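[1] got a structure for you, letters missing:
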């Protein structure tokens, strides 16, 4: 069965650079979520989209932005990267919101040097 | 605000032992959903189960079972006859009030030795 696809899997950037993470949800899923997981931490909710509209916002820095496109894929744009942005970034998708099963991608490991 | 508490930070067991991971969800909502996810050393988050607050039936899937008690908002996860491959971080999560995001607990690291 198709799963959530994230790219790239690994990314190394320097401080103050920009990064773009991509997420392709499971076919027919209309809801996408982004999470950030620091080392040894639990996943922290960043932002979610339902039917291409932002549905909720968590602890997402102003330097980050995201959107969901007409084909339902989503991109997380991160600018002015800081060392503290180094983390595992997960995208998840579900059908009709979080109260159905949300399936996660394998994550993008971002390292800022 | 909702809060997910996983009281056990780390658990170590020997293969074939049974182990129970605790989870308590604090919320004022009467309708909510709870989830368990497994994060093996490879890093991905694997969905295990979803349960709504109206369903207090226990669920069993192979060696895994879950016990939900609405009176205490606890959603405990038991692994029977644990195996080394069960070694992972297990996260309990609940939906937020708007149903737009999952709130995760701090996770329980389970180590199963042979």
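    Cool, the structure landed. Keep in mind that what you see is a predicted model, and the values were worked out from it rather than measured. Numbers count the residues shown, from 1 in each chain, chains lettered A, B, ... in the order given.
[2] Let me see the ranges of the strands in chain B.
    B:3-5, B:10-14, B:19-21, B:24-26, B:33-39, B:46-52, B:59-61, B:64-69, B:74-79, B:88-95, B:102-104, B:108-113 (DSSP state E).
[3] Let me fix that, I meant to ask about chain A.
    Using DSSP E, strands in chain A cover A:5-7, A:10-13, A:19-24, A:31-37, A:44-50, A:53-57, A:64-68, A:74-78, A:87-94, A:103-104, A:108-112.
[4] circling back to that earlier point, looking at the strands of chain B, which has the lowest confidence?
    Note on those: strand B:59-61 shows the lowest mean pLDDT, a mean of 87.
[5] How about that one and chain A, any contact?
    No. If you take Cβ under 8 Å from any Cβ of the partner chain as the test, strand B:59-61 misses chain A, and the best it gets is 13.7 Å. C-beta: built from backbone N, CA, C; applies to glycine.
[6] chain center to that strand, what's the gap?
    Here the centre of strand B:59-61 is set off from its chain's centre by 13 Å, with Cα atoms, centre = their mean, to the nearest Å.
[7] same thing with stretch A:97-111?
    Using Cα atoms, centre = their mean, the offset of stretch A:97-111 from its chain centre is 7 Å.
[8] quick one: buried residues of it?
    A:97-99, A:101-110 (16 or more other Cβ atoms under 10 Å in any protein chain shown).
[9] filter those down to the ones close to chain B.
    For chain B, the contacts drawn from those by Cβ under 8 Å from any Cβ are A:97, A:98, A:99, A:101, A:102, A:103, A:104, A:105, A:106, A:107, A:109.
[10] Between which two of these is the distance greatest?
    Taking Cβ to Cβ, the two most distant members of these are A:99 and A:109; they sit 29.0 Å apart.
[11] Any chance of the strands of chain B in TSV with mean neighbour count as columns?
    TSV is the format used below for these (neighbours: other Cβ atoms under 10 Å in any protein chain shown):
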stretch	mean neighbour count
strand B:3-5	16
strand B:10-14	13
strand B:19-21	18
strand B:24-26	18
strand B:33-39	22
strand B:46-52	16
strand B:59-61	12
strand B:64-69	17
strand B:74-79	20
strand B:88-95	24
strand B:102-104	24
strand B:108-113	17
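[12] What parts of chain B come near chain A?
    So far as Cβ under 8 Å from any Cβ goes, chain B lies against chain A at B:33, B:35, B:37, B:43-47, B:50, B:52, B:91, B:95-96, B:98-107.
[13] tally of neighbours for residue 56?
    By default, I'm working from chain A. 18 (other Cβ atoms under 10 Å in any protein chain shown).
[14] if you could check chain B rather than the one you did, that'd help
    Applying other Cβ under 10 Å, we find 12 residues neighbouring residue B:56.
[15] Ramachandran angles for it?
    Dihedral pair for residue B:56: phi -100, psi 10, per degrees, to the nearest 10.
[16] Cool, thanks, talk later.
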